[in-house]
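> fold the stuff below for me.
(one chain, ligands or ions: 1)
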Amino acid sequence: MKKNKPKLAIVGAGKMGEAVISGLLKSGEYKPQDIQVFEIIESRSKYMSQTYNVKCVDNAKKAASFAGITIIAVKPGDVKKALEQIAPAMKTGKIVVSIAAGVTLEFLRKYLPKDVPVVRVMPNITCQVREAMIAVCPSENTKKEELETVIGTLSLLGRVITLDEKYLNLATGLVGSGPAYIYLIIEALADAGVRLGLPKDVSILLAAQTTLGAAKMVVETSEHPTKLKDMVTTPAGTTIEGLLALEEGKLRAVIINAVTKAAERAKQLQPV
Ligand SMILES: NC(=O)c1ccc[n+]([C@@H]2O[C@H](COP(=O)([O-])OP(=O)(O)OC[C@H]3O[C@@H](n4cnc5c(N)ncnc54)[C@H](OP(=O)(O)O)[C@@H]3O)[C@@H](O)[C@H]2O)c1
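Numbering: from 1, shown residues only. Okay, here's the model as predicted:
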């Protein structure tokens, strides 16, 4: 992490806001006093200050005044209101980051003073364990150093990639929703273990760690998944029997369809 660590405001401390805060504090680079939160639900706000020791303020403008980077983590339909609340605090040097699915840079900039740099981001819930995939796209008025500042902070939560905005909704289908698909697959693998007679807790661990290991092989070796799959698939062995069943069940088509549907849905979330 670079020397000029920006203070952060989180507007909306739901599932994603919490995952971001939790991941940043786990990184050790951010301390509770570096983060201020505005969350509309009082009980949730209390939970955040009690659990993470962060300061929860009573309006979004206060949090944004404190911070160098304000992260908008409310539902897409609430983004406009959140932007209107922080807009008066947006002095020179401050950056807005939005993680809202489907909400375009054009929409985000409409409710902020025109010089404010805005970065549209698509992360996922695994920010919590600092293993997120995070796609980012800066507005055209964002300076290189401002984008680097944002990437520096987000990199504490996982792996960051800069994408053209036309890819952001597509990335939402894969990155934002992806963990849910993997959880379903882990659950199915674990159910299979149970069917064969393994205890449920053992089965879940076997499924989850196998998934983690397989993903790590792809990321760390940079080998094509097909090559890695071939390494596990011996002629007339066990794996090819399983792969045949997966192909008969059209798993590949089902997954392609799932990601496509989620990306289409992201497009519809743009508020009017
Ligand atoms: N969940 C994911 O896996 C995921 C992944 C990638 C991106 N995202 C994006 O992240 C954003 C947040 O998602 P989430 O799942 O964390 O939603 P969430 O759990 O509903 O959290 C949003 C929180 O913000 C509160 N809120 C609403 N308006 C507010 C305002 N003006 N100021 C402060 N707080 C306000 C909400 O209260 P109310 O419930 O009363 O509205 C809620 O507690 C969404 O835009 C979503 O598209 C989510």
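> from here on, contacts and neighbour counts on C-alpha atoms
Fine.
> got the residues of the chain near the ligand?
11-17, 38-41, 73-76, 78, 81-82, 99-101, 122-125, 176 (C-alpha under 6 Å from any ligand atom).
> buried subset of those?
In the residues of the chain next to the ligand, burial by neighbour count holds for 11-14, 16-17, 38-40, 73-74, 76, 82, 99-101, 122-125, 176, counting by 16 or more other C-alpha atoms under 10 Å.
> if we can go back for a sec, return the subset of the residues of the chain next to the ligand lying in helices.
Those of these mapping onto helices are K15, M16, G17, K81, A82, per DSSP state H.
> will you turn those residues into TSV that also has pLDDT and distance to L189?
Converted to TSV, these look like this (pLDDT from 0 to 100; distance: C-alpha to C-alpha, whole Å):
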residue	pLDDT	distance to L189
K15	98	26
M16	98	27
G17	98	30
K81	97	43
A82	98	41
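> farthest pair in those residues?
Greatest spatial distance among those (C-alpha to C-alpha): K15 and K81, at 19.1 Å.
> which stretches of the stretch 51-200 of the chain have low pLDDT?
Of all residues in the stretch 51-200 of the chain, none has pLDDT under 70.
> would you map the helices across it?
60-66, 79-86, 105-110, 144-154, 168-171, 178-196, 200-221 (DSSP state H, counting those that start in this stretch).
> which elements pack onto the first one?
Helices and strands touching helix 60-66, as assessed by 3 or more C-alpha pairs under 8 Å, 6 or more residues apart in numbering; DSSP states H and E, comprise strand 8-11, strand 35-38, helix 79-86.
> need the residues that contact the last one.
Judged by C-alpha atoms under 8 Å, 6 or more residues apart in numbering, the contacts made with helix 79-86 from elsewhere in the structure are V11, N59, A60, K61, A64, I72, V74, A100, L108, Y111, L112.
> show the contacting residues for the closest residue to the second one other than its chain neighbours.
Translated: N59. If the residues on either side of it in the chain are set aside, N59 comes closest to F38, at 5.8 Å by C-alpha to C-alpha, 6 or more residues apart in numbering. The contact partners of F38, by C-alpha under 8 Å, 6+ apart, come to A9, I10, V11, G12, A13, S45, C56, V57, D58, N59, A60, A63.
> out of those, which are buried?
Members of these classed as buried by 16+ other C-alpha under 10 Å are A9, I10, V11, G12, A13, S45, C56, V57, N59, A60, A63.
> out of those residues, who's nearest E145?
Closest to E145, out of all of the buried ones among the contacts of F38 and judged by C-alpha to C-alpha, is A9, at 19.3 Å.
> run through the residues that contact the closest one.
Counting by C-alpha under 8 Å, 6+ apart, the residues that A9 touches are I35, Q36, V37, F38, A63, A64, F66, A67, G68, I69, T70, I71.
> phi, psi for the closest residue to the ligand within the stretch 101-250 of the chain please.
Here the stretch 101-250 of the chain gets closest to the ligand at one residue, A101, 3.7 Å apart by C-alpha to the nearest ligand atom. Torsion angles at A101 (phi, psi; degrees, to the nearest 10) stand at phi -60, psi 130.
> burial count for I151?
I151 has 21 neighbours, counted by other C-alpha atoms under 10 Å.
> can you check A258 too?
Counted with other C-alpha under 10 Å, A258 comes out at 16.
> what about it, which helix or strand?
Using DSSP states H and E, A258 maps to helix 251-268.
> ok, back up a step: of the helices of the stretch 51-200 of the chain, which is nearest K5?
Nearest to K5, of all the helices of the stretch 51-200 of the chain, is helix 144-154, at 7.6 Å by C-alpha to C-alpha.
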